[in-house]
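Undergrad: Quick one, structure for this:
(2 chains)
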Number of protein chains: 2
Amino acid sequence: MVLNLLNPKFTLLLAAFITLFTNNVKAQDPYQSYRQDWLKKAEENKPKLVETEKQPISMVKLEKDPTAFQGWKAVNTDSVGAFYSKSFKTQSGVVADFGEHLTGYFTFTIQSLKGTPDAPVRLKFTFGEVPSELTVPFDPYPGTISRAWLQDETVTVTEMPATITIPRRLACRYVKIELLGASPYFDFHITNMEFKATTSVMAKPPLLAQGTSQLIADIDRIGLTTLKECMQTVYEDGPKRDRRLWIGDLYLESLANLYSYQNNNLTKRCFYLLAGLSADDGVLISNVFETPEPHAQVGNRLLDYCFLYNVALKEYVAATDDKQTGLDLWPVAKKQLDMIRKYAGKDGMMDYIKAGKEWWVFFDWKDGLDKQASLQGLSIYTLNQTYALAKILGKENEVSDIPALARKLKNAAYTNLYDKKSGLFVSGVKKQISYGSQAWMVLSGVASKTEGQTALKALPSIKDAVHPGAPYMFHYYVAALIESGLKAEAKEALQTYWGGMIKKGADTFWEVYDPNDELKSPYNFYPVNSYCHAWSCTPVYFIRKYPEIFQR
Amino acid sequence: MVLNLLNPKFTLLLAAFITLFTNNVKAQDPYQSYRQDWLKKAEENKPKLVETEKQPISMVKLEKDPTAFQGWKAVNTDSVGAFYSKSFKTQSGVVADFGEHLTGYFTFTIQSLKGTPDAPVRLKFTFGEVPSELTVPFDPYPGTISRAWLQDETVTVTEMPATITIPRRLACRYVKIELLGASPYFDFHITNMEFKATTSVMAKPPLLAQGTSQLIADIDRIGLTTLKECMQTVYEDGPKRDRRLWIGDLYLESLANLYSYQNNNLTKRCFYLLAGLSADDGVLISNVFETPEPHAQVGNRLLDYCFLYNVALKEYVAATDDKQTGLDLWPVAKKQLDMIRKYAGKDGMMDYIKAGKEWWVFFDWKDGLDKQASLQGLSIYTLNQTYALAKILGKENEVSDIPALARKLKNAAYTNLYDKKSGLFVSGVKKQISYGSQAWMVLSGVASKTEGQTALKALPSIKDAVHPGAPYMFHYYVAALIESGLKAEAKEALQTYWGGMIKKGADTFWEVYDPNDELKSPYNFYPVNSYCHAWSCTPVYFIRKYPEIFQR
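TA: Predicted structure coming up:
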């Protein structure tokens, strides 16, 4: 007997088997059938970069000055034309100042001045966002992340005239040029230095209200520049470093973008890209790369960033009414909630110790920060924001357990973390008091408005309170001040912190800023810090979302 | 009245004026009307480069060894496959050995082994023709010529997998790779190292006679490699340095080529290129460049090289019967004789002091060499060779003064430079005795055969005799031995000198070789010497032109 493949009964059996098999595979990768579509939508929304040609505005020298940021300042020396007209041999070590932070590609021309070029010329270019990158020796390198992030490139010019573009994309304001080798038998000059600056920002944001203070206008302007520089074909965290899409940066950039450039397709692209590159178990990966092919940093699971994806998506859908994107990505948002369900104990407290062992729990670049309260607060916040998203999308029935879970976590937080006596929220076994903990207890609604005010107002007088380590955490602190109705304090905090960077000469806002330690670095070497960092751009969001606080 | 431009009389006047004007310009540049044609012929004869893909044969380490050339030897450590299979992080400083000298472009692939590449990688590549280039620190650089000749390149790899080609053309056997920066969060390996080797040599030279000794066969083989590596789109002096056409190198390369690869179009191209790029006064420039546009090293006037152009042209025309090229370039050869006429005194002696002030008079890389006798000899030789060329071309009537002038110089040389007592030729006010002086007195015919034999045989026993500094001068010494009929001595000298380099591990013959000073450098830093140098390839010429001396 021969098996009759056309027998209707057999066909039915085969179909059932295939369905079963497919379902099994799906169980391993919840998004398998969507991924390709999501990556396609990410690609469709990839912006075209705007290219602008920029020339240096002056030649400068770097001078030691204990009052300058990190001890160095740039002082004008010569016009660019004067530099071009003279032999480069007499000017090794010169620094060109482009007058603003730029991201893109550096080109120069090198030409003979006297004699026939009879040998190659060896040049070293160092690109700095801030003066310290041009003054502090890079080697021996003490940093904990790749030395190759530092932007120094050696170029051998084998013939001239030549117009040479450094292949690597760069982020800088200053360019130092040093002569490492030349022939004594001819002379040459460098001319036509040019930066092909790129960004995906095309729109001009609305003007601030008349009467806005100069300081707030400056903070807004620098914040806009920071955001613009980071808006390339994704929201990058920093155009110098890490040059890629991180969820935490995306969240803050997309907020600032909503109130400024309104390049919402870029936000959309980033949501789809992250979804398309999530792990097989449905968990989002904290950061992704666009080239050579879109791919994620496999294994980089950052718990708070998974949650913030939901928050960012809700803000985007609510602001743009782009329900289609919300619906497409709803399975992803829903999936991230599993981690809250997993770590939420019977007592309603998140098991932050277990989570901390199994995940990278970040919240801030701050050694010693206890993250119990922050994680509890963010979990509650995420539950509520995700439920709000479900309501917009008509999906409440799929997450009907959420409101009760959020309440449970909130009550447990109040019971376990609020110290009624001091009026402050504590975190961890040592009952640590930090800005972060208060901020997240306020934002999650664990603290009532009055309790929030009391806690936030008390902070400055608490000697051991753990301060924010980076502008990223400072954002949540300012958001909490506003949420608590502490308008004047919010404005003051924003002006002091971001205004402090401006007073120290910032052209863009820095990845890390501790007013009391300018050399602070999460990587053990401050020149490798990013000095144009996405998560520091949020004054743009605050100033523009709350004109009644900041623009009067 | 309006000027009638069509008036025949006026037209005639205008034509006369134009002719006058053009003639005036022509008087300043004797070749004006030919240059374009010469450069066109140079371009027409530009060879297509043959590209061959080469892989390394082994990984090696460099070990100190006082008995090795310059104190360093390469010792096999690992297979290339083993290197490829392991993390590069554990292998920084490794050296790949291509097993032979190569000229061209280096490519490698870099790929992740574990984890997602999250940061750039910084690599340093150092390319060495000999081990010392990989072992002696380059900085601080003590050399007198450009530091940029040294072949170390730093590369920032911003994403991977990537296949990267170093833009600069390189010349090496060994490639050292060092890790200057990487992220601790991923691992990677380097694979697929490849050299796209270029040469314009396509032909295989004839086999040597059966029974040729192993040493002579080895010298011939290394000489052929040296010549092949230098034969690119011109006869280069050295593929590492200076990478261009010099007349002195062209002369010796074209001789070796005549007896081996017979790529005579390349020789032709070089003659036309030099003629097309000669100075406005008709004098040849010692060296020329092909890119970005063909051009000469303006001002580099090297008297002996002007003369050797004539000698080389005569050898080429005589050997190939390409009279057309000879006739085209006859005006150039004729013009170079002017410098002999200018410096020849009434007494028949070349005014070498005046010439030395007005020109670079080279002859050898040898400090302290007195050049009177060499210049006198070369001048006579040039007169005779140019007259021989004139005879081939039927142009004797244009240089009818030459035979008498040559005789006058020869007689004067004999009278003034020959020390009958010692049987040696002397040079300069201090009556210096050198190998160079004897060689040129023999080659010019000032010495009779017997006198030449006596002088050359006496040399080794003269304590203060100035020895050749470079293989370039050694060529003329061996040529003189042959010319004097000292066959055994010629063979012995060639075997000792070039064979000495082979004993010390030469893959190609070196620019400079003093058997007693391996660190000798005309540039105060031996790693910048060229270790594959055209002018050192001439054993190929001797061995193949005189089989009765060398191939038995």
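
Undergrad: Spell out, range by range, the strands that occur in the stretch 401-550 of chain A.
TA: A:418-419, A:424-425 (DSSP state E, counting those that start in this stretch).

Undergrad: My read is that A:Leu486 contacts A:Thr454, right?
TA: No. Counting by Cβ atoms under 8 Å, A:Leu486 stays clear of A:Thr454, with 10.4 Å between them. (Each C-beta comes from the backbone N, C-alpha and C, glycine too.)

Undergrad: how about the residues of the stretch 1-150 of chain A that lie near chain B?
TA: Listed as neighbours of chain B in the stretch 1-150 of chain A under the rule Cβ under 8 Å from any Cβ of the partner chain: A:115-116, A:118-122, A:141, A:144-150.

Undergrad: who's in contact with A:Arg169?
TA: By Cβ atoms under 8 Å, 6 or more residues apart in numbering or on different chains, the contact list for A:Arg169 reads A:103-105, A:198, A:239, A:243, B:158.

Undergrad: Please identify the most buried of the strands of the stretch 401-550 of chain A.
TA: Mean neighbour count (mean count of other Cβ atoms under 10 Å in any protein chain shown) peaks for strand A:424-425 among these, with a mean of 28.

Undergrad: Walk me through which strands that strand pairs with, and which way each runs.
TA: When pairing is defined by DSSP bridges, strand A:424-425 lines up against strand A:418-419 (antiparallel).

Undergrad: Between A:Leu486 and A:Thr454, which has more neighbouring residues?
TA: Between A:Leu486 and A:Thr454, counting by other Cβ atoms under 10 Å in any protein chain shown, A:Leu486 is the more crowded of the two (21 against 16).

Undergrad: So which residues make contact with stretch A:205-220?
TA: Here stretch A:205-220 makes contact (Cβ under 8 Å, 6+ apart) with A:224, A:259-262, A:491, A:494-495, A:498-499, A:502, A:539-540, A:543-544, A:547, A:550-552.

Undergrad: 10 Å instead?
TA: Here stretch A:205-220 makes contact (Cβ atoms under 10 Å, 6 or more residues apart in numbering or on different chains) with A:221, A:224, A:227-228, A:256-257, A:259-262, A:491, A:494-495, A:497-499, A:501-503, A:506, A:509, A:539-540, A:542-544, A:547-552.

Undergrad: thinking again about what came up before, compare the contacts of A:Arg169 and tell me which is most surrounded.
TA: A:Pro239 (30 neighbours).

Undergrad: what's the spacing between it and chain B?
TA: In this structure, A:Pro239 and chain B are 13 Å apart, going by Cβ to the nearest Cβ, to the nearest Å.

Undergrad: In a strand, that residue, correct?
TA: No. Using DSSP: H, G, I helix; E, B strand; the rest coil, the assignment for A:Pro239 is coil, not a strand.

Undergrad: Can you tell me the SS state at A:Leu113?
TA: With three-state DSSP as the basis, A:Leu113 sits in strand.

Undergrad: which of the contacts of stretch A:205-220 count as buried?
TA: Buried by 16 or more other Cβ atoms under 10 Å in any protein chain shown: A:224, A:227-228, A:256-257, A:259-261, A:491, A:494-495, A:497-499, A:501-502, A:506, A:509, A:539-540, A:542-544, A:549-551, out of the contacts of stretch A:205-220.

Undergrad: Which pLDDT does the model give the nearest residue to A:Arg544 once chain neighbours are set aside?
TA: Nearest residue to A:Arg544, sequence neighbours excluded (Cβ to Cβ, 6 or more residues apart in numbering or on different chains): A:Tyr259, at 3.8 Å. Note for A:Tyr259: predicted pLDDT of 97.

Undergrad: List the contacts of the closest residue to chain B within the stretch 401-550 of chain A.
TA: When scored by Cβ to the nearest Cβ, the stretch 401-550 of chain A has A:Val528 as its residue closest to chain B, at 9.9 Å. Residues in contact with A:Val528 (Cβ under 10 Å, 6+ apart) are A:133, A:138, A:141-151, A:240-241, A:511, A:521-522, B:119.

Undergrad: again, but for A:Thr226
TA: A:101, A:238-239, A:253, A:256, A:471, A:498, A:506-510, A:531-540.

Undergrad: Show the residue spans covered by the strands in the stretch 101-250 of chain A.
TA: In the stretch 101-250 of chain A, the segments counted as strands under DSSP E, counting those that start in this stretch are A:121-128, A:152-157, A:162-165, A:170-181, A:187-199, A:245-246.

Undergrad: most tightly surrounded among those?
TA: Comparing those by mean neighbour count (mean count of other Cβ under 10 Å), strand A:245-246 comes out on top with a mean of 28.

Undergrad: Show me what the mean pLDDT comes to for it.
TA: Mean per-residue pLDDT for strand A:245-246: 98.

Undergrad: Remind me what it packs against, helices and strands.
TA: helix A:264-276, strand A:287-289 (3 or more Cβ pairs under 10 Å, 6 or more residues apart in numbering or on different chains; DSSP states H and E).

Undergrad: on that earlier part again, looking at the strands of the stretch 401-550 of chain A, which is closest to B:Phe88?
TA: Nearest to B:Phe88, of all those, is strand A:424-425, at 48.5 Å by Cβ to Cβ.

Undergrad: Residues contacting the closest one, please?
TA: Outside strand A:424-425, the residues that touch it by Cβ under 10 Å, 6+ apart are A:372-374, A:376-377, A:413-414, A:416-419, A:431-434, A:436-442, A:446-447, A:451-452, A:454-456, A:458-459, A:462, A:465.

Undergrad: quick one: it to chain centroid distance?
TA: In terms of Cα atoms, centre = their mean, to the nearest Å, the centre of strand A:424-425 is found 29 Å from the chain centre.
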